[in-house]
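In: Quick one, fold the following:
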Amino acid sequence: MKNRLIFAIISACIYHLLFTVSLQAEVFPVNDILVTGPRDERVNVVFLAEGYTAGEFGQFELDVQEILNDLFITQPYMEYQNYFNVYAIEVLSQQSGTDHPATADDCPPDMPSFHANTYFNSTFDYAGIHRLLVAKNEQAAYEVLEDNLPEWDVAFIVVNTEYYGGSGGAFATFSMDSAAPEIALHEMGHAFADLADEYEYGGLTPYEAPNTTAETVRDFIKWRFWIEETTPIPTPETSTYSGVVGLFEGAVYHAFGWYRPKLNCKMRALGVPFCEVCSEQTVLSIYNLVQTTIADYEPVDDSLTVSEGETLEFIITRMQPVPNTIETAWYVDTDLIASDVDTFLFDASLYGAGEYVVRVNAVDMTSLVRNDPDEFLFSNLEWDVTVEEDITASEGIIPSKARLDQNYPNPFNPVTTISYYLPAADKVSLKVFDPAGREIATLVDRFEEAGKKSVTWNGLNSGGEQVASGVYFFRLDTGTETIVKKTVLLR
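Out: Below is the predicted model of the structure:
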C-alpha cells in the first residue's frame, strides 16, 4: 500500500510537471512596425521570422520594412493604410535559412539541396513543386501568434532565403527573393482577401472565388457590376479589351471552362496591379474586420436628457481612408439636418419637450467598391434624446443677459434658424457678414420686447441672390451688447 501511495504521488508530480511545461508560452520579442489604432479596431498584420538566427533580426526588420514599403503604395492598401496595424515577431531559429530537398521535378539545375533547423520547418519542393515554399509546422505558427499577439488577423511567414518561393493558405509564406514584395502582395490576396489564383497551370481542383467563376451568363456573373454592356461575354483576349473588366477564359489552374475578371492582374502575374474586382474584394475584407466607418464618437451614452433651453453637441471621428471618401448625414428623427460634417449641435429650444432620435450615417463612397450587399461600408449611430420642459422659461423668468444661440442646423442648406434672447425691450440688429467683414444681409432691425426670438436665413443676400458656400457670421447688436456666432453654408 505504501509503495502504491509513493507511486501515486510520484505520478501526480510528473503529471503536474508535464502539464505545467505544456502550458508555458513561447514568448518572443514583438516589434511595433505601424500602429494606427487599437488592435480591436484595426486589421492586425503580423510578420513571423523563419530561418533567422539571433544575429539576423536586424535584417529581419529591414526585410519587413521592404515588404511594407511596397504594400502601402499598392491599391487598395495605399488608400486604407490607416486601417492597419503591423507587427514583427522575432521568432528564433537554430539555423539560418530553410530546407531545399531538391525532390521536385522542376528544380533549377543550378540550385543546391540544403537543410536548416528552423522554427516552422519550412521547405521548398512541397507537393512536388519546387517554388512552393511552405511552413510545414503550421501548429507552431498558431501557437506563436496566440502566445504573443492573439489579436492577429493576417500573418506572413518571412523565410530567410534569397531563392524564389512562396505559398498562400492559413499563413502567407514567402522568401526574401528580389521579388519578395510582389510575392507577399500576391499571397496576401489569398490569405487576407480569399482571392484565387488566376493562372491556368497547376492542375489543381478549380473553385468559385470572388475573382474566379465558371458562370458565363452575364446577369449571374458575380462581378457583373464592373462589366460594361458593350463588353462581350466571354471576353476576347485582345488589346481592345486589355483595360476593361470582363470574363476572360483561363483561371484557377484551368485553361478552359473557368474565368477571371481581367486580362491581367496580380493574382495572375507579378508586377501588375490588382484588378478592380480584386481591389473591391480587398476593401470589403478590410471593412469585414474593422466593422465600422466611425473611429470614435461623443457622447458615449446613447440615452440623453436635455432642457428646452439647452443644447447638446454630438461629435464623431471618421475612419481615415486617403483620400477620405467617408460621407456623413445627420438626422433628427427622419429629417436630414446636416451633411458631411463631424459635429452636430442639437438645439433643444427648436424642438420643444418630447422624445427624439439623433442619428448619424457614415458611408464610405469609395469608387473602389461597386457592390456591397452586406453594407460593410455603412455605419450608423443613434442617440435617444429626451427634451424636458424648461421650468424657468415656463415661469416667465427672463435671462439677465442677451444671448445668441448657435444656429440650427449648422452647417446648413438651404435654411437655418437663429434664436436669441433679450433680458429687456431693446433696439435689436441681427446681420450676416462674410469673413472679410462685408455685410451680406440684415435679418432683424427693429425694436423688440424682452423674451426669446427666432429668425431664419435662407442663404440669400440683401439683393435676393444666393451667396456661395462658405463661412459666415451672425452678429447680434443690442443697446448694450454685441454677440457673434459663426456658421457654414453648404451648397
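
In: drop to CA atoms for contacts and neighbour counts, all remaining ones
Out: Will do.

In: Following the chain onward from the one helix or strand residue 304 maps to, which element is next?
Out: Using DSSP states H and E, residue 304 sits within strand 303-307. Stepping forward along the backbone from strand 303-307, the first helix or strand reached (DSSP H and E) is strand 311-318.

In: ranges for the helices of the stretch 1-150 of the chain?
Out: Defined through DSSP state H, counting those that start in this stretch, the helices belonging to the stretch 1-150 of the chain, from first to last, are 2-23, 57-71, 138-148.

In: burial count for the residue nearest to residue 233 when sequence neighbours are not counted?
Out: In space, residue 233 comes closest to residue 247 once its chain neighbours are excluded; the distance is 5.9 Å by CA to CA, 6 or more residues apart in numbering. Residues contacting residue 247 under the criterion other CA atoms under 10 Å number 29.

In: doesn't residue 260 make contact with residue 247?
Out: Yes: Residue 247 is within contact range of residue 260, at 5.8 Å (criterion: CA atoms under 8 Å).

In: that older thread, could I get the buried residue list for the strand holding residue 304?
Out: Within strand 303-307, the residues scored as buried using 16 or more other CA atoms under 10 Å are 306-307.

In: Also stretch 342-361?
Out: By neighbour count, and taking 16+ other CA under 10 Å as the criterion, the buried residues in stretch 342-361 are 342-350, 352-353, 356-361.

In: Mind checking the pLDDT average for that stretch?
Out: In this model, stretch 342-361 has an average pLDDT of 90.

In: quick one: pLDDT of residue 29?
Out: For residue 29, pLDDT reads 97.

In: Please read the previous query as pertaining to residue 311.
Out: Among the per-residue scores, residue 311 shows a pLDDT of 89.

In: Which neighbouring elements make contact with the strand holding residue 304?
Out: Under the contact criterion of 3 or more CA pairs under 8 Å, 6 or more residues apart in numbering; DSSP states H and E, the helices and strands touching strand 303-307 comprise strand 378-388.

In: Please name every helix or strand in contact with the strand it packs on.
Out: Other elements packing on strand 378-388 under the criterion 3+ CA pairs under 8 Å, 6+ apart are strand 303-307, strand 354-364.

In: now what about that strand, what contacts it?
Out: Contacts of strand 378-388 from elsewhere in the structure, counted by CA atoms under 8 Å, 6 or more residues apart in numbering, are 292-294, 301-308, 348, 352-364.

In: redo that, cut-off 6 Å
Out: Under the contact criterion CA atoms under 6 Å, 6 or more residues apart in numbering, strand 378-388 has outside partners 292-293, 302-308, 353-363.

In: List the neighbouring strands of it plus their orientation.
Out: Strand 378-388 has these partner strands in its sheet, going by DSSP bridges: strand 303-307 (parallel), strand 354-364 (antiparallel).

In: Nearest to residue 403, out of those?
Out: Closest to residue 403 of the strands paired with strand 378-388 is strand 303-307 (CA to CA; 16.3 Å).

In: quick one: low-confidence parts of this structure?
Out: Using pLDDT under 70 as the threshold, the predicted model of the chain has low-confidence ranges 1-25, 390-399.

In: what's the burial count for residue 125?
Out: Residue neighbour count, defined by other CA under 10 Å, stands at 21 for residue 125.

In: just checking, it touches residue 104?
Out: Yes: Residue 125 sits in contact with residue 104 when judged by CA atoms under 6 Å, with a separation of 5.1 Å.
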